[in-house]
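Student: the following block contains a protein sequence and its predicted model.
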Amino acid sequence: MFFFISKVFFFSILINISEWGQTGHRVVGLVAENHLTKKAKDKINFLLDGNSLANVSTYADEIKSDKKYNYISKWHYVNIPLNKKFHEIAREKDGDIIYAINKCIEVLKSPKYNKKEKSFHLKLLVHFIGDLHQPMHLGRKEDRGGNDIKLFWFGSITNLHRIWDTQIIESHNMSYTELASDLPIFTPNQIKVEVNKSINNWVEETRIYTRQIYLESSPNRKLGYAYRYQNLPIVKSQLYKAGIRLASILNKIFE
């Protein structure tokens, strides 16, 4: 279904869409910053020329329009059938989000890469670890991770992927700093458990939510306050886990 809209309204929508994805990624970056060692902070500060993890967290999305970065377009996600586990699927020859995270870690650890290359891959790593904790980035190929599942969000047409990428978070009406302060607080023992899990564990843990979301998302369903109330705690927990896991990886790289 297509709608005619004025140019002014059209461009205001584009601006809002570009803003929506920032909040969640910046929360992940800020949480990670709060769990870095001093040594890691100093090395990250050098690589990013004083920029924060929160500020660079959306870089991987910002470069999508540049054709020279087309090769990383598939690095934001991995498609997994609901009845399979990650290790059971055939991997994309051009890479996927797991490949991307491991590649970034490899570059950051290796002495053979220069500052520019390490800075680039650090920015990507911050973003991709955030993406990995968004359940629809591990969704089905046939509906493009929920992008092709039309739904209504507070009366406006949207899709399942966008709801989980941005709209649950934005409807909470908090800045990224406010939201980062409103996340669940884990005990030191809980944090230790989370950061010691493997990346494959993160995938399968997130996919528990992916399956649940698909079961509850028949096309054209009207979603609003009840759906947000039910799923906002999941979003908050995933953002926090992404942040502390990112910090753990960076602390190990820069120890």
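Tutor: Looks like it came in fine.
Student: could you say which helix or strand holds the spatially most central residue of the chain?
Tutor: Centrality entry for the chain: nearest residue to the mean C-alpha point is D131, 2.2 Å, by CA atoms, centre = their mean. In this assignment (DSSP states H and E), D131 forms part of helix 115-132.
Student: P184 now?
Tutor: Counting by DSSP H and E, there is no helix or strand that carries P184.
Student: numbering from 55 from now on, please.
Tutor: Done: numbering now begins at 55, and the last item shifts to P238.
Student: can you pull out the helices in the stretch 205-309 of the chain?
Tutor: For the stretch 205-309 of the chain, the helices defined by DSSP state H, counting those that start in this stretch occupy 214-216, 222-224, 230-234, 242-249, 253-269, 279-307.
Student: do you know which of those lies nearest I98?
Tutor: Closest approach to I98 among those (CB to CB): helix 279-307, 6.6 Å. Yep, even glycine has a C-beta here, placed from its N, CA and C like the rest.
Student: now do that closest one against helix 253-269: the angle between them, please.
Tutor: Between helix 279-307 and helix 253-269, the angle comes out at 170 degrees (axes from the mean of the first three to the mean of the last three CA atoms, to 10 degrees).
Student: who are the packing partners of helix 279-307?
Tutor: Other helices and strands packing on helix 279-307, by 3 or more CB pairs under 8 Å, 6 or more residues apart in numbering; DSSP states H and E, are helix 76-87, helix 92-101, helix 151-163, helix 169-186, helix 222-224, helix 230-234, helix 242-249, helix 253-269.
Student: and the third one with helix 92-101, angle?
Tutor: Comparing the axes of helix 151-163 and helix 92-101 via the same axes, to 10 degrees yields an angle of 90 degrees.
Student: and the longest one, by the same measure?
Tutor: Orientation note: helix 169-186 sits at an angle of 120 degrees relative to helix 92-101 (the same axes, to 10 degrees).
Student: list the buried residues for helix 169-186?
Tutor: Neighbour-count burial for helix 169-186, counted by 16 or more other CB atoms under 10 Å, picks out 172-186.
Student: show me the shaky parts of the stretch 55-204 of the chain.
Tutor: Applying pLDDT under 70 to the stretch 55-204 of the chain picks out residues 55-74.
Student: ok, now with 90
Tutor: 55-75, 137-148 (pLDDT under 90).
Student: dihedrals phi and psi, S272?
Tutor: Main-chain dihedrals, S272, degrees, to the nearest 10: phi -70, psi 140.
Student: gap between it and G199?
Tutor: Between S272 and G199 the computed distance is 17 Å (CB to CB, to the nearest Å).
Student: looking at the two, which one has more neighbours?
Tutor: G199 (26 against 9; other CB atoms under 10 Å).
Student: residues touching the closest residue to the more buried one other than its chain neighbours, list them.
Tutor: Residue nearest to G199 in three dimensions, not counting chain neighbours: G193, with 3.5 Å by CB to CB, 6 or more residues apart in numbering. Residues near G193 by CB atoms under 8 Å, 6 or more residues apart in numbering: 131, 133-134, 199-200, 215, 264, 268.
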